[in-house]
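Novice: Here is my input, please return the structure:
(chains A, B and C)
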Amino acid sequence: MAIITLKDVNKVYRTKEIETLALENVNLKIQKGEFVSIMGPSGCGKSTLLNIIGLLDVPTSGTITIMDDTTGKMNDSQLSSFRNRNIGFVFQSFHLIPSLNVAENVALPLAYRSGVSAKERHEKVAEVLTRLGLSHRMRHFPGQLSGGQCQRVAIARAIIGDPQIVLADEPTGNLDSKMGQEVMDILHQLNKEDGRTIVMVTHNESQARMTDRIVRFFDGRQVE
Amino acid sequence: MNYFRQIYYEMKHQKMMTWVSISGTALAIFLVMAFVMVDQINSVEVAPESNRSRILIASGFHVKNQKGMDSSTSGLNLDIARRLYENLEGVEVLSYINAFNDNCDVNLPGQEIFTMAPKNVDNEFWKIYDFTFIDGRPFDEAEVKSDAKLVVLTKSAARSLFGEEKVAGREIEVDAYPYRVVGVVEDVNPLLSSSFANFYKLCNIAGIKNDDPYFGSANVVMLLKEGVSAESVKTQVENRYKMIQSEFSKEGYEAVYHGQPYTSEEVAIGGYGSNNGPDLDSHNVVQWIIYSILILLPAINLSSMTRGRLRHRVAEIGVRRAFGAKRNSIIRQILGENLIITFFGGMLGLLFSIIFVWLASNMFFSMSGALEQSLEVVNARPDLGMLFRWKNFFWALLFCFVLNVLSATVPAWRASKVEPAEALSFAR
Amino acid sequence: MKRNLLNQMKKEWRDNLWLIIELAVVCLAIWGLSMIVYVRGKGLFAPRGFNPENVYSISLKTVPSGSPNYIDLGENAKDAYRSDFRELLRRLRENPNVEAVATHWGATPYNYNYDGRQLAQIEEQDSILYFGNTRYGSPDIVNVLQLNSLTGKSRKDLYEMLQRGEILIGNNPTYEASGRDPRDLIGKKVILGGDTSRIYRVGDVIEQVRRTDYEPGWAGGYMVPLVGGDENWGSVAVRVKPGKGVQFKEDFKSNEDLRKLRNVYFSDLKSLNDLREGCQRSVELDIRMMIILMFFLVLTIFLGLLGSFWFRIQQRISEIAIRKVCGAKRREIFARIITEGLILLSGAIVVVGCIVWPFIDTFENLLFEKWTIFLAAEAFTVIIVAIGIIISLWYPARKAMQIEPAVAIKAE
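Specialist: Residues are numbered from 1 along each chain as shown, chains lettered A, B, ... in the order given. So this is what the prediction gives:
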């Protein structure tokens, strides 16, 4: 069963002077529980694709269906709640909020979800951080952590809301190979144990080969 | 909680911006509050003018003849004053005081002479103003009727003359005439101009010889009943003017009404005479123009500061949006954070303004009619209690809030409009 | 280079627009305030028409007949009162510290004499020759206040005119602005305020004595001789010899003979300088408030520009670094930022000009010399605000100057 379906998706960026075609006629189905890598050279539209899947950006034309919901007609507020419930994000540069400590960063998605009590939130945070081996770092600030630890915090944040889909944009791009491997192991674990669908943009051929499927892009077109 | 953390973080990591924001806010609130406080001295209610909002003062009478020649003075003929102001509906107490209060020579027989500012008052005066008696009592009706030579001294006057305060029953000379002290009251701040004097001399306006049909020595002070508006009394007085006008017309005169009796605020802003009334409205318009300039300019500044601070946080806003924050919650968060800064700066500003206005009161307060009195009066300083009022605190809060809304709404709204995809790629 | 700067500013037009609006509001406020302060302050430096130093004011009082201190003089009481007052004046004049003594009503400035009357010729009472503040004085008032003739007459001449019962008219700008010369009134026979019982001859025109130093020059005034000599006029004005003020006050306090004779006595001695302070307090307060307001407006601008440019320079670190790599000198970078601020100011001045232009006629009516004040105030505003801008940009500009290209580019 397809959890994410892209149909005839085009994305054009327009400025006064030029038009750039970022995605051209993309058709893509991702099955529930699949771990998909997206590969391609810089500027081929990978990140645009990820943003569109993550509902952070809208296509110029075409439709996206996620978990049987066609997202095109949702307003901003509906999109926000949809993201909050169903999608987790992991970024290359972590994007932790420097003024918040680890626990607060992790709890962020729950802060935007109504009906979660403070107690539940604390329990959830503790649970997720324990799972990722970071329970002793709860009161630390991002500035006090190593890159690998930061990315693990970011992953904790991505899964605390229990989303079906995790989108990872070059999650190991800023890490050395040992830490990178650690992060990849965690992602695989999330895929295998929790059955989450993972879509990952990467430049790393060997990491990609470990995933269920590789989708290659070139100049906005899906080539494989 | 997280708001405070954010501010703390910014103070550490964006020192310049945060401090410019805080000091800009402090400066704005400081300045606007200094102006508010100087102005509110006109309506502050402290003893002996605790009933200020209920006190009305009538002075001045203005007559025009057919040729358009004007005559006017601040004192009224007692008969005219009675016809205009006695038995008005809603008035609880009515007192006649002398319009003219020239400085007096005051001394103990054969001893050093002090020049003191008197107020010439009757027995009702003491029911309108809540003086604190240290010794003795006020004048009574019989004493006023019989024109007794009595005074009530202020504490400092008693000290200068006798070297002590409990001097009720003792004798002094006022302008070479013997008077008896019946009471001693606490000193009055000279900024409370309608009750201030160095001493209070018994005065029976009816006993002053007066041949002029219109003008005389009478001024009227009245205390309204609880809940009665000054406007309703003014309307009654205006009608009384119309009534006496019918008589005046026969002789070819016109009695010109200038909005008497005046409220304490009108009296305090001054700028009026016996042939023109105080203009509280235009005074207030000027005040509000000043306030809005003082709030709007810093708001422009602060809004560019806020925008500057927010530009460092584009990525953060993107992340929050990615994880499900709605636009409203972003706006709410930014306004909330900004309110803390505005508050912090605002309270700092309020504190400074109280200290500044108090210390530099010479720069701010003037006594109208101070010529008649001494320089000590001219250089009056408000009591701290007159400045440190809940009302001021409330005003400062209100101004902070306005400043916050003005300076942060647009930047917050624009920040919330940022597309998360753009925000995250921008920050990479 | 300049072109580039303008282009760059165009890109940040939104920020710049706000800054220009802010500068324009501040310029407008400072400019308006400085005009008011100028008009007020001008009075302060205009000729006073008299010399306030060493002048004292004294009130005359009498012991009431019911007082135990009253000395019963029987039938002669009324005459005694006059002769005693005259004797007291003589004693004052003979005091070694005193130069001149006059009796008067409302003749010294810094009082609340608002008695204004019209001067008209008796044949044409409806055509007003002159309007002004009425002051009464004995001839010696000329010497006490040291009044100056505008036609070159000596004080002795002025003294004699008052003695002959002639009045002295002050010049005033309103009168002259309407194209009339007060000197044309000399020799005319006039009545005051429609009172035909007494006809005065205009003796001379004197340098205008204003009620207060700040009062604009358009309230005229004239000196009328006292009727029937010294008696019955409540106020006494004394000119003390230079440097003898303290001694005179001491004498007045300690020497009862100087102060009191039977039922007549002097009281409430005040120097004209003290009276001035009391009387001008509220005007000075207004002026002070305006100056404080101007100062804080400049401070607001200071904070606003400091913050904005601080932020801009942070945004432009890499740009500045690249300029440096391409050979820009530190001084050029500094100058570029200051120039940016001054360009904003010129924008603001244009805005202010557009706002004010339609009202220029109003100002012309308010002020007698429209352009001088208008432009002087404008120049003053520009200078003040420009100084504010330069000071506020100094620190950010220096910061920008010190950017190390290598470090900055690497940080990007």
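
Novice: contacts and neighbour counts: CA atoms only from here.
Specialist: Noted.

Novice: so what's residue 165 up against?
Specialist: Assuming you mean chain A. Contact analysis of residue A:165 by Cα atoms under 8 Å, 6 or more residues apart in numbering or on different chains lists A:86, A:87, A:88, A:196, A:197, A:198, A:199.

Novice: Switch to chain C, please.
Specialist: When the contact criterion is Cα under 8 Å, 6+ apart, the partners of residue C:165 are C:200, C:201, C:224, C:225.

Novice: three-state assignment of the residue of the stretch 51-200 of chain B found nearest chain A?
Specialist: Minimum separation of the stretch 51-200 of chain B from chain A (Cα to the nearest Cα) falls at residue B:53, amounting to 50.0 Å. For residue B:53, the assignment made with DSSP: H, G, I helix; E, B strand; the rest coil gives helix.

Novice: my read: it touches residue B:128, true?
Specialist: No. Residue B:53 lies out of contact with residue B:128 (Cα atoms under 8 Å); the separation is 11.5 Å.

Novice: Between the two, point out the one with more neighbours.
Specialist: A count of neighbours by other Cα atoms under 10 Å in any protein chain shown puts residue B:128 above the other of residue B:53 and residue B:128, at 24 against 18.

Novice: Pull the number of nearby residues for the residue lying closest to the more buried one once chain neighbours are set aside.
Specialist: Among residues not flanking residue B:128 along the chain, residue B:223 sits closest, at 5.8 Å (Cα to Cα, 6 or more residues apart in numbering or on different chains). Per other Cα under 10 Å, the neighbour tally for residue B:223 reads 24.

Novice: what's the residue closest to the geometric middle of chain A?
Specialist: The residue lying closest to the centre of chain A (Cα atoms, centre = their mean) is residue A:167, at 1.9 Å.

Novice: Next up, the contacts around that one.
Specialist: Contact partners of residue A:167, counting by Cα under 8 Å, 6+ apart, are A:50, A:54, A:87, A:88, A:89, A:90, A:198, A:199, A:200.

Novice: would you say it is within a strand?
Specialist: Yes. Read with three-state DSSP, residue A:167 is one of the residues of a strand.

Novice: quick one: it from residue C:82, how far?
Specialist: 110 Å (Cα to Cα, to the nearest Å).

Novice: coming back round to it: tabulate the contacts of residue C:165 in a markdown table, adding columns for secondary structure.
Specialist: Supplementary listing: the contacts of residue C:165 in a markdown table, determined by three-state DSSP:
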| residue | secondary structure |
| --- | --- |
| C:200 | strand |
| C:201 | strand |
| C:224 | strand |
| C:225 | strand |
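
Novice: and the longest helix along chain A, what does it pack onto?
Specialist: Across chain A, the longest stretch assigned as helix under DSSP state H is helix A:177-194. Packing partners of helix A:177-194 (3 or more Cα pairs under 8 Å, 6 or more residues apart in numbering or on different chains; DSSP states H and E): helix A:147-159, strand A:197-201.

Novice: any idea which of these is most buried?
Specialist: Mean neighbour count (mean count of other Cα atoms under 10 Å in any protein chain shown) peaks for strand A:197-201 among those, with a mean of 26.

Novice: For chain A, just list every one of the helices.
Specialist: Per DSSP H, chain A carries helices over the ranges A:46-53, A:76-86, A:102-111, A:118-131, A:147-159, A:177-194, A:205-209.

Novice: The shortest one - what's its average pLDDT?
Specialist: So that's helix A:205-209. For helix A:205-209, mean pLDDT rounds to 91.
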